[in-house]
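Trainee: Let me see the structure of the following:
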Amino acid sequence: MSYKHIKWMILIIPTITVGLWEYIRHQFLMPYLSMEAGNWLTPVIIYLVSVTLLNKLFQVMERAQAELEKEKAAKSALEAREQLARELHDGIAQSLFLLSVQMDKADRNLSGSAHQGELRDARKTVHEIHHYVRQAIAQLKIPESASDLPAHPQQMLRQIEDLIYTSRLESKISWNIPDEDLTTKEQIELIACIREAVLNVRKHANAGFIQITGQGNKTSWTVSIMDDGLGYKGDPWDRPDRYGLRITKDRAAEMGWDFAFYNQEHGGTCMTIMKGGPDS
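Mentor: The predicted structure follows:
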C-alpha cells in the first residue's frame, strides 16, 4: 500500500467510522447504551481506527527513511571510491606511465650495455605495477552509481571477463553465482581476490590458460582460479615476492571465507575461495 493511499485512508476512514457509529448508536443501541457511555466510546473508536492506519503510515515512512539512509551511505562510498580513483589516476598512474616511458628510452640508449638486463627487469616490474594500478582504478569506478547494481544482473561476470581480457591469457569462465546473492562488499572483495590471482598467474606461473569457476548461492559458494603453469616449489608463503598472495589470503580471512592455494596433480596451481565451508 502506497503512502498516498494511506494518507487518504487516514482522512476518510475515521470520518466514515464516526458517521456509521453514530448512526448505529442512535438507531439500534439507544435502548441498551446510555448517552454518556456512547459519548465515551466515540473517541475510543476513533483513536483505535486512527492508530491502526497511522501505524501503517509510520511503517511506510520508516522503510522509506531506511532506504534513503542506505542510498546516502552507498552514494558516499561511491563518491569516496571515485575520488580515490581520480587520485590514483592523476598521481600514481601518471607517474608510473612517465617512469615507464623514461625507462623505455633508457633501455634503448643503453642497448648492449652490461646493465641492460637489470634495466629490463626493472622496466618489466614498472609495467606490471602500472597495469595493476590501472586495474585498481577500473575496479574503483565500477559501479559508477548505486543504481548500476540491479540494472546489470551479471556485473560480476563482466568484471571477470574484463580482468581476463587484460591478462591476454586463453581462458574459460564458468560463473553461476547470482549477483544478488553477493553483497556489494562481497563483490568488491571477491573481485579484488580474483584480480590478484589473475595477476599472479600472469607474473609468475608462465601459463597460457586460466580457468575461473564460481558455483553456489547466498549462503554457500566456491570460487576457483586454475592455471596450466609451472606450479611452485617449496612453501609459497615463505617467498618474499608473494606478498599479493598473502594479501589475498588476509582479505578472505577478514570476510570469513576459507582460502586454499595448492599445486594441481596435472600441473599448474589452483586458488580456491569458499564461503559456507566446513570451517566457516
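
Trainee: Now do the one helix or strand Ala73 maps to: which elements does it pack against?
Mentor: When elements are assigned from DSSP states H and E, Ala73 belongs to helix 35-87. In this structure, helix 35-87 packs against helix 3-24, helix 116-140, with contacts taken as 3 or more CB pairs under 8 Å, 6 or more residues apart in numbering; DSSP states H and E. In this view, the C-beta of every residue, glycine as well, is placed from N, C-alpha and C.

Trainee: and the residue in the chain sticking out farthest from the centre, which of the three is it?
Mentor: Most distant from the centre of the chain: Pro31, at 68.8 Å, with distances by CA atoms, centre = their mean. What DSSP: H, G, I helix; E, B strand; the rest coil gives for Pro31 is coil.

Trainee: Over to Gly214?
Mentor: strand.

Trainee: I'd like the helices and strands packed on helix 35-87 written out as JSON lines, with mean pLDDT and distance to Met271 added.
Mentor: Output for the helices and strands packed on helix 35-87, formatted as JSON lines (pLDDT from 0 to 100; distance: least, CB to CB, whole Å):
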{"stretch": "helix 3-24", "mean pLDDT": "80", "distance to Met271": "49"}
{"stretch": "helix 116-140", "mean pLDDT": "72", "distance to Met271": "17"}
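
Trainee: mind putting those in a markdown table, distance to Gly214 and mean neighbour count included?
Mentor: Shown next, in a markdown table, are the helices and strands packed on helix 35-87 (distance: least, CB to CB, whole Å; neighbours: other CB atoms under 10 Å):
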| stretch | distance to Gly214 | mean neighbour count |
| --- | --- | --- |
| helix 3-24 | 40 | 13 |
| helix 116-140 | 17 | 15 |
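
Trainee: Let me know the pLDDT of the residue farthest from the centre of the chain.
Mentor: Per-residue pLDDT puts Pro31 at 82.

Trainee: From Arg251, how far off is Gln211?
Mentor: Distance from Gln211 to Arg251, counting by CB to CB, to the nearest Å: 21 Å.

Trainee: try Asp238
Mentor: 20 Å.

Trainee: Between these two, which is the more surrounded one?
Mentor: Ranked by neighbour count (other CB atoms under 10 Å), Asp238 and Arg251 place Arg251 first, with 18 against 7.

Trainee: Follow the chain on from the helix or strand that contains that one and name the next helix or strand.
Mentor: Using DSSP H and E, Arg251 maps to helix 243-254. Going down the chain from helix 243-254, the next helix or strand is strand 258-263, by DSSP H and E.
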